[in-house]
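S.K.: Next input, structure requested:
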Amino acid sequence: MITNQLSAQNDPKSQEILKGVSTKYKSYKTLTASFKLGILDQKSKKTSSQSGSVTIRGAAFNLFMSDQTVMCDGKTTWTYLKESNEVQVSENKTSADAITPTNIFTMYEKGFKSKFLSYNKVGGKDVQLIELTPEDSKKNYFKIQLTIDKKEKYVNEAKVFDKSGSIYTYSIVKFSPNAKVTDDMFTFNKAKYPTVEIVDLR
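M.R.: Got it, this is the predicted structure:
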């Protein structure tokens, strides 16, 4: 399946690397990672950043950031907004445009042409740089650059170049495959938030 998904891409070197990453990722039962998100507005030259963590088990995930926590059991998604003390309940539907900490490890598998750019060394680690171009020109972004840990075979950084002129950089700070997780990490427990307002969007 992986080979078929990547066969439409036209750079054998990048295909080989991405296939290895995909195979390694699919061997994990669970994954926990901490990350930093940096945003650069190239027009105003303004920058902003925030940190977070993500835990993934199959289609279920828990995404924690300073202003919100998103929990998903694979079918239902709960988005808790800290400032408004509100949780939005919705069906688990991922936008085709969205590049998030929950899918940067797999989003390259379809819908992109890939090109190997270079080998490099970051923080003492050997990495491989690959550029992705979306096959659908209507996407909100026109390219993504992936930095891949050569030894461990995971996406160490994803840099998304938005058509609005912004660059979103997801940098993985710590990567922990097969971490122990519990079911309650992927569902919203109202008992922990007794005064929360529930907004059902289903």
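S.K.: switch to C-alpha atoms for all contacts and neighbour counts from now on
M.R.: Fine.
S.K.: mind checking how far stretch 23-34 is from the chain centre?
M.R.: The chain centroid and the centroid of stretch 23-34 are separated by 12 Å, computed with CA atoms, centre = their mean, to the nearest Å.
S.K.: Please apply the same query to stretch 24-42.
M.R.: The mean C-alpha position of stretch 24-42 is separated from the chain mean by 5 Å, CA atoms, centre = their mean.
S.K.: for it, what is the average pLDDT?
M.R.: The average pLDDT within stretch 24-42 is 94.
S.K.: Please, where are all the helices along this protein?
M.R.: Under the criterion DSSP state H, the chain contains helices at 2-6, 12-26.
S.K.: By mean pLDDT, show me the worst of these.
M.R.: Among the helices of the chain, helix 2-6 scores lowest, with a mean of 40.
S.K.: Provide the partner residues of the closest residue in space to Val54 that isn't next to it in sequence in its beta bridges.
M.R.: Closest residue to Val54 apart from its sequence neighbours, by CA to CA, 6 or more residues apart in numbering: Leu63 at 4.5 Å. Going by DSSP bridges, Leu63 is paired in beta bridges with Val54, Val70.
S.K.: Deepest in the core, which of the helices of the chain is it.
M.R.: helix 12-26 (a mean of 17; mean count of other CA atoms under 10 Å).
S.K.: circling back: between the helices of the chain, which gets nearest to Lys138?
M.R.: helix 2-6 (20.5 Å; CA to CA).
S.K.: what residue ranges in this protein score low on pLDDT?
M.R.: 1-10, 94-97 (pLDDT under 70).
S.K.: quick one, strands of this structure?
M.R.: 31-41, 46-57, 60-65, 68-72, 76-81, 86-91, 112-122, 125-134, 141-149, 154-162, 166-177, 197-200 (DSSP state E).
S.K.: the inter-axis angle of the first one versus helix 12-26?
M.R.: Spelled out, that is strand 31-41. 130 degrees (axes from the mean of the first three to the mean of the last three CA atoms, to 10 degrees).
S.K.: Strand 31-41: which residues count as buried?
M.R.: 31-40 (16 or more other CA atoms under 10 Å).
S.K.: Now render the residues you listed as TSV, adding distance to Asn120.
M.R.: Listed next are the buried residues of strand 31-41 as TSV, based on distance: CA to CA, whole Å:
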residue	distance to Asn120
Leu31	25
Thr32	25
Ala33	22
Ser34	22
Phe35	20
Lys36	20
Leu37	21
Gly38	21
Ile39	23
Leu40	23
